[in-house]
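>>> for reference, the sequence and a predicted model appear below.
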Amino acid sequence: MKKEKLLKLLNQMTLEEKVGQLIQIADIDTTTGPVKKLNLSSEMLFHVGSILNVVGSEKIRKIQKEYLSRNRLKIPLLFMADIINGYRTVFPIPIAQGCSWNPKVVYDCTKVSIQEAEAAGTNVNFSPMVDLVRDSRWGRVMESIGGEDPYLGKVFAKTMIEAYQGKDISKLGNAAACVKHFAAYGAVEGGRDYNTVDMSEREFRQYYLPAYQAAIEKGAEMIMTSFNTINGIPATVNSWLLRKVLREELGFQGVVISDYSAIEETIAHGVSKDKKEAAYKAIMAGVDIDMMSNVYANHLKELVEEGKVPERILDESVWRVLTLKNKLGLFENPYGNSNKEREMKILKSKKNLQIARETTSETFVLLKNEKEVLPLKKNNKIALIGPYADNIAILGSWSMFSDKSKILTLKEVLESRIGCENVLYAKGSEILKQKEINEILEAEGIDSIQMENEEAKEKEYLKEAVEKAKQADIIILAIGEHYRQSGEACSRANIEISEIQRNLLKELTKLNKKIITILFNGRPLVLKEVEEKSDALLEVWFPGTEGANAILDVILGDVNPSGKLTMSFPQATGQCPIYYNHYNTGRPHINNVRYVSRYQDIPTESYYPFGYGLSYSKFEYSDLKISSNHIKEDLPITVSISVKNNSKIAGKEVIQLYIQDLVGSCVRPVKELKGFKKEYFEPWEEKEITFQITIDMLKFWNEKLEYKAESGEFKVFVGPNSKDTKECRFEFINS
Ligand code: NOJ
């Protein structure tokens with residue numbers, strides 16, 4: 001539709017109709033909970049602008065058809081959904097995808113997810129989640145594509161927007177992306193979900209803002225506000241954040257949506273005295289759509305009529321929503337490109353599973369491989385033990401639309417690969433004790449389950465596991481977090497593997513057999529005990545539909561692992577938040593010195609550093625060279641290093657570039673990732689890897705909050721992770 005026609009439409013709209021466009025509900029069905037709870041009038045129901053988490057081409061077609069038959073101006077509904085790491089085919093959780101350090105992997109996972117969802121009728125996807133995360137007590141680290149690093153966040157934010165939106169959001173297989181959660185949601189105090197965020201503007205701009213900014217620059221159509229406060233004001237009613245930073249500075253012109261009932265929650269925050277004030281504050285701050293609270297529905301019209309909210313403000317928001325609908329081509333074709341036939345064809349595609357299998361194995365991180373116990377020699381008799389050995393709950397918490405029938409378990413795949421006679425399976429233990437599961441269920445309002453003879457059962461499981469393990473050459477132990485322990489509202493104050501699973505491992509260690517531990521989890525865990533008792537440790541996160549195939553591809557040596565961590569793993573929960581790019585202190589840690597910044601009871605550094613991950617190949621780094629010791633505005637310099645695969649196994653390596661600004665007008669991080677290259681190496685191959693260093697890489701938010709590079713000396717570090725690097729120096733003189 002032409003702009004003039006769209007403007008004409010806006011001018012024809014009544015106040016109610018305008019307000020309706022700014023309301024999102026979870027279903028149009030008046031008999032279900034959400035609509036009842038919101039208490040919307042039936043008139044308002046057929047003005048609402050968008051629907052949340054209703055999927056499926058036929059269902060959407062039916063709703064859209066009925067809606068349009070009752071909507072005066074025939075303005076189509078928008079269907080928005082949470083397709084976080086896959087629709088029917090589920091990919092590894094976002095934190096895992098980031099660990100591939102491979103934009104192509106992230107692109108492929110994202111593209112297939114949106115192709116499936118769009119064919120099933122979704123117009124807008126509530127992804128990517130680009131919140132920077134440093135505290136693994138927070139359950140939502142699983143959703144963060146860039147982990148603790150702003151540079152990775154930027155790279156993957158752009159990749160995901162490209163995959164979701166393509167060049168034209170109305171085209172087959174594309175949809176609009178909604179970047180979330182604006183802003184700094186990952187910095188909630190104590191890692192407790194929905195909690196306060198209080199940070200300096202410099203910190204915010206330096207670390208947290210860049211990934212959202214990158215997504216906006218790439219053309220993201222929507223932004224979702226976060227639940228947290230920022231420096232005393234909830235993000236959802238924060239004019240500085242939404243009007244000044246987002247719209248004025250970043251130039252965002254798309255639609256801003258609140259998170260689920262977040263506008264109403266500003267009352268609980270204690271910054272709005274009632275729903276009317278909440279509506280006033282949110283619209284004035286620039287929130288276009290109210291997701292799942294009725295404050296806009298019940299108060300916006302009145303606020304405009306009273307002259308408190310200028311109609312221009314309302315019109316601006318409505319205009320943005322109409323523009324998005326228009327860009328999606330919904331006025332011409334309200335059903336988008338989705339139809340049953342196309343949906344079935346795409347959802348049945350074998351290619352999607354194949355892409356899942358290939359991408360998934362690249363997200364695993366090999367944390368330990370003592371005496372090269374992996375890959376396994378194929379003639380081993382294997383004891384496959386643990387609560388994840390024969391379990392399909394490996395998709396993570398955002399998998400409500402998944403096709404569970406496609407998932408195979410480790411046991412099924414291993415048996416088919418090496419023959420049933422070579423696999424000795426035992427469950428060994430549950431993931432959690434019933435009491436622990438009940439605590440989680442109760443918080444979700446689900447009745448707790450009473451388990452009889454739990455102790456006897458535990459003993460029985462353990463006994464069976466030990467018996468099976470005795471008959472085997474080697475043990476594969478599949479343990480981890482319950483999928484309900486990671487995700488929204490899944491903060492944990494103790495991030496260890498559960499006691500019953502550690503107990504199982506302890507019993508198995510007594511047999512003196514090699515143990516390969518496979519870890520299923522959504523966040524960095526405290527792994528000291530598990531690591532010490534395992535010969536190999538493979539972090540597979542929640543790997544998705546093709547998880548079992550991909551795991552065995554790696555364990556059996558068909559695929560060489562190449563993932564690297566995007567978050568530091570802590571020594572103990574008390575070390576959180578922990579991140580590699582921290583500031584200098586006046587008393588940096590020195591061994592055997594008392595009055596320095598350290599813990600008395602644990603080391604200062606992380607257990608596994610950012611960027612860490614092993615391979616079956618042996619990569620050796622040597623001969624770091626710099627093209628000049630001076631950098632100038634118009635004369636970038638290059639750094640190169642020689643990397644050799646000193647093994648007979650081909651593999652991929654992520655070569656990482658870090659920079660440290662040695663003296664600044666304000667404290668500078670000890671190092672910051674500025675580039676990386678993921679390269680494939682043939683056996684024994686040696687390559688020179690080169691990075692260009694530009695002035696842009698040296699810029700930061702200085703003393704006066706200006707984004708500039710300062711003259712002085714810089715260190716460059718290159719290596720396989722943030723810790724084991726080779727270094728050299730250069731100088732920048734600002735002329
Ligand atoms: C709440 C979550 O915080 C957000 O990420 C999600 O997109 C919305 N609910 C909608 O389901």
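Now that the structure is in, tell me what you want to look at. Keep in mind that this is a model prediction, so the values were computed, not measured. Numbering: from 1, shown residues only.

>>> now Tyr185. Nearest residue, chain neighbours left out?
The shortest distance from Tyr185 to any non-neighbouring residue, by CB to CB, 6 or more residues apart in numbering, is to Ser226 (3.7 Å). C-beta: built from backbone N, CA, C; applies to glycine.

>>> OK, contacts around whatever residue of the stretch 301-450 of the chain ends up closest to the ligand?
Across the stretch 301-450 of the chain, the shortest distance to the ligand (CB to the nearest ligand atom) belongs to Trp398, at 8.7 Å. Neighbouring residues of Trp398 by CB atoms under 8 Å, 6 or more residues apart in numbering: 82, 84-85, 93, 143, 487.

>>> checking it next. Helix, strand or coil?
coil (DSSP: H, G, I helix; E, B strand; the rest coil).

>>> and the one helix or strand Glu467 maps to, what other elements does it pack with?
Assigned by DSSP states H and E, Glu467 belongs to helix 454-470. In terms of contacts (3 or more CB pairs under 8 Å, 6 or more residues apart in numbering; DSSP states H and E), helix 454-470 is packed against strand 382-385, strand 423-426, helix 499-509.

>>> quick check: Phe509 vs Val373, distance?
No Phe there; residue 509 is Thr. Using CB to CB, to the nearest Å, Thr509 is found at 14 Å from Val373.

>>> ugh, wrong one, I meant Leu303
In terms of CB to CB, Leu303 sits 66 Å off from Val373.

>>> so between these two, which is more surrounded?
Under the criterion of other CB atoms under 10 Å, the comparison of Leu303 against Val373 puts Leu303 first, with 21 against 16.

>>> re earlier: which one of the contacts of Trp398 is nearest to Gly651?
Ile93 (23.9 Å; CB to CB).

>>> next, count neighbours for that closest one.
Per other CB under 10 Å, the neighbour tally for Ile93 reads 33.

>>> ok, it touching Trp541?
Yes: taking CB atoms under 8 Å as the contact criterion, Ile93 and Trp541 are neighbours in contact, 5.5 Å apart.

>>> mutual contacts of the two, please.
Residues touching both Ile93 and Trp541 (CB under 8 Å, 6+ apart) are 142, 396, 522.

>>> can you redo the residues you listed as TSV with pLDDT, neighbour count and distance to Pro603?
Shown next, in TSV, are the shared contacts of Ile93 and Trp541 (pLDDT from 0 to 100; neighbours: other CB atoms under 10 Å; distance: CB to CB, whole Å):
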residue	pLDDT	neighbour count	distance to Pro603
Met142	98	31	26
Gly396	97	29	31
Gly522	98	27	25
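
>>> now tabulate those residues in TSV and tack on distance to Gln21.
Shown next, in TSV, are the shared contacts of Ile93 and Trp541 (distance: CB to CB, whole Å):
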residue	distance to Gln21
Met142	33
Gly396	33
Gly522	36
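
>>> need the residues you listed in CSV (columns: distance to the ligand).
Output for these, formatted as CSV (distance: CB to the nearest ligand atom, whole Å):
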residue, distance to the ligand
Met142, 12
Gly396, 13
Gly522, 15
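
>>> just to revisit the earlier point, report the two of the contacts of Trp398 separated the most.
Of all pairs drawn from the contacts of Trp398, the greatest distance, 12.9 Å, lies between Asp82 and Ile93 (CB to CB).

>>> tell me the contacts of the residue in the stretch 201-350 of the chain that the ligand sits nearest to?
The nearest approach of the stretch 201-350 of the chain to the ligand comes at Tyr260, 3.9 Å away (CB to the nearest ligand atom). Shown in contact with Tyr260 (CB under 8 Å, 6+ apart): 291-292.

>>> helix/strand/coil for it?
When classified by three-state DSSP, Tyr260 comes out as coil.

>>> pLDDT wise, what is Ile626 at?
For Ile626, the pLDDT comes out at 98.

>>> would you mind measuring from it to the ligand?
44 Å (CB to the nearest ligand atom, to the nearest Å).

>>> how about Thr694?
35 Å.

>>> how near is the closest residue to that residue other than its chain neighbours to Ile626?
Once flanking residues are discounted, Thr694 sits nearest to Pro636: 4.7 Å by CB to CB, 6+ apart. From Pro636 over to Ile626 the distance is 12 Å, taken as CB to CB.

>>> equivalent analysis for Tyr107, please.
From Tyr107 to Ile626 the distance is 32 Å (CB to CB).

>>> kindly report the same for Gln575.
34 Å.

>>> more neighbours, those two?
Gln575 (19 against 16).

>>> any idea which element the residue nearest to that one when sequence neighbours are not counted lies in?
With CB to CB, 6+ apart as the criterion, Gln575 has its nearest non-adjacent residue at 6.4 Å, and that residue is Ile602. Ile602 belongs to no helix or strand when elements are defined using DSSP H and E.

>>> and the pLDDT for Ile602?
So Ile602 comes in at 95 (pLDDT).

>>> try Lys378
pLDDT, Lys378: 74.

>>> number of nearby residues for it?
10.

>>> looking at the stretch 51-200 of the chain, what residue ends up closest to the ligand?
Per CB to the nearest ligand atom, the residue of the stretch 51-200 of the chain with the smallest distance to the ligand is Phe126, at 3.6 Å.

>>> which residues are there in the stretch 201-350 of the chain that come within reach of the ligand?
For the stretch 201-350 of the chain, the residues in contact with the ligand (CB under 6 Å from any ligand atom) are 259-260.

>>> quick one, strands of the stretch 201-350 of the chain?
In the stretch 201-350 of the chain, the strands defined using DSSP state E, counting those that start in this stretch lie at 222-225, 229-230, 233-234, 255-257, 290-291.

>>> in its sheet, what does the last one sit against?
Here strand 290-291 is paired, per DSSP bridges, with strand 23-25 (parallel).

>>> now the first one
The strands beside strand 222-225 in its sheet (DSSP bridges) come out as strand 176-182 (parallel), strand 255-257 (parallel).

>>> need the helices for the stretch 1-150 of the chain, in chain order.
Taking DSSP state H, counting those that start in this stretch to define them, one finds helices in the stretch 1-150 of the chain at 3-12, 15-21, 33-38, 42-45, 57-70, 94-98, 103-119, 150-165.

>>> coming back round to it: can you check the pLDDT for the residue of the stretch 301-450 of the chain closest to the ligand?
Listed pLDDT for Trp398 reads 96.

>>> just Leu40 next, same as before
The confidence metric pLDDT takes the value 86 at Leu40.

>>> hmm, it is touching Val295, no?
No: at 11.7 Å, Leu40 does not count as touching Val295 under the criterion of CB under 8 Å.

>>> neighbour count: those two, which is higher?
Remark: of Leu40 and Val295, Val295 carries more neighbours, 27 against 22, as counted by other CB under 10 Å.

>>> dump the residue contacts of the more buried one.
Counting by CB under 8 Å, 6+ apart, the residues that Val295 touches are 263-264, 275-276, 278-279, 282.

>>> same thing but at 7 Å, please
Each residue near Val295 by CB atoms under 7 Å, 6 or more residues apart in numbering is listed here: 263-264, 275, 278-279.

>>> close to the ligand: what parts of this protein are there?
The chain has residues 53, 82, 126, 180, 259-260, 488 near the ligand, with proximity defined as CB under 6 Å from any ligand atom.

>>> circling back to that earlier point, most tightly packed of the helices and strands packed on helix 454-470?
strand 382-385 (a mean of 27; mean count of other CB atoms under 10 Å).

>>> return the list of strands paired to it, each annotated with direction.
strand 423-426 (parallel), strand 474-480 (parallel).

>>> mean pLDDT and distance to Asn71 for these - can I get that in CSV?
Shown next, in CSV, are the strands paired with strand 382-385 (pLDDT from 0 to 100; distance: least, CB to CB, whole Å):
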stretch, mean pLDDT, distance to Asn71
strand 423-426, 98, 56
strand 474-480, 98, 48
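
>>> out of these, nearest to Arg417?
In terms of CB to CB, the element of these nearest to Arg417 is strand 423-426, at 9.1 Å.
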